[in-house]
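Q: Predicted model follows, preceded by the sequence.
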Amino acid sequence: MLRFVLAVILFVLVGRALVRLVGIVIDAAGGREARADSGGPTSTKLVRDPVCGTYVPPRLSLSITAAGSTHYFCSEQCRTTFGDRA
């Protein structure tokens, strides 16, 4: 009986995975991009820290505006170093 229950659970999981895979293949073949509500990761444009070169998302970075342009930093140390150079 336990083998039967485990086999049914395995069958359901494999079936769900195949259905999702087929859906992704069909979407890709049709030239459609992934839906925003798919729950998958979304892309974010990263900005480069001018001091150490680390790429950070703008919403998580520290920033200053100098000479009309905004500079983004990964840490307070990098922002201070940049301010000391200017």
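A: Good, I have the coordinates. Predicted model only: the values in this text are computed from it and were never measured. Numbers count the residues shown, from 1 in each chain.
Q: hey, let's count contacts and neighbours off CA atoms from now on
A: OK.
Q: right, and T54 touches C74 too?
A: Yes. At 6.8 Å, T54 and C74 qualify as touching, with contact defined as Cα atoms under 8 Å.
Q: any low-confidence regions in the chain?
A: For the chain, applying pLDDT under 70 flags the ranges 31-42, 86.
Q: Distance of C74 relative to A67?
A: Using Cα to Cα, to the nearest Å, C74 is found at 20 Å from A67.
Q: And T54 and C74? Which one has more around it.
A: Comparing T54 with C74 by other Cα atoms under 10 Å, the one with more neighbours is C74, at 23 against 14.
Q: and the spatially closest residue to that one that is not a sequence neighbour, backbone torsions?
A: In space, and not counting its chain neighbours, C74 is closest to S61: 5.5 Å by Cα to Cα, 6 or more residues apart in numbering. The phi/psi pair for S61 (degrees, to the nearest 10) reads phi -100, psi 170.
Q: Is S63 in a helix, a strand, or coil?
A: strand (DSSP: H, G, I helix; E, B strand; the rest coil).
Q: Kindly state the beta-bridge partners for it.
A: S63 forms beta bridges with Y72, as assigned by DSSP bridges.
Q: quick one, what contacts it?
A: The neighbourhood of S63, defined by Cα atoms under 8 Å, 6 or more residues apart in numbering, consists of 70-73, 79.
Q: Where do the domain boundaries of the chain fall?
A: 2-38, 47-85 (automatic domain parsing).
Q: Return the distance of stretch 18-31 from the chain's centre.
A: Relative to its chain's centre, stretch 18-31 lies at 21 Å (Cα atoms, centre = their mean, to the nearest Å).
Q: oh, I was asking about stretch 64-72
A: Using Cα atoms, centre = their mean, the offset of stretch 64-72 from its chain centre is 25 Å.
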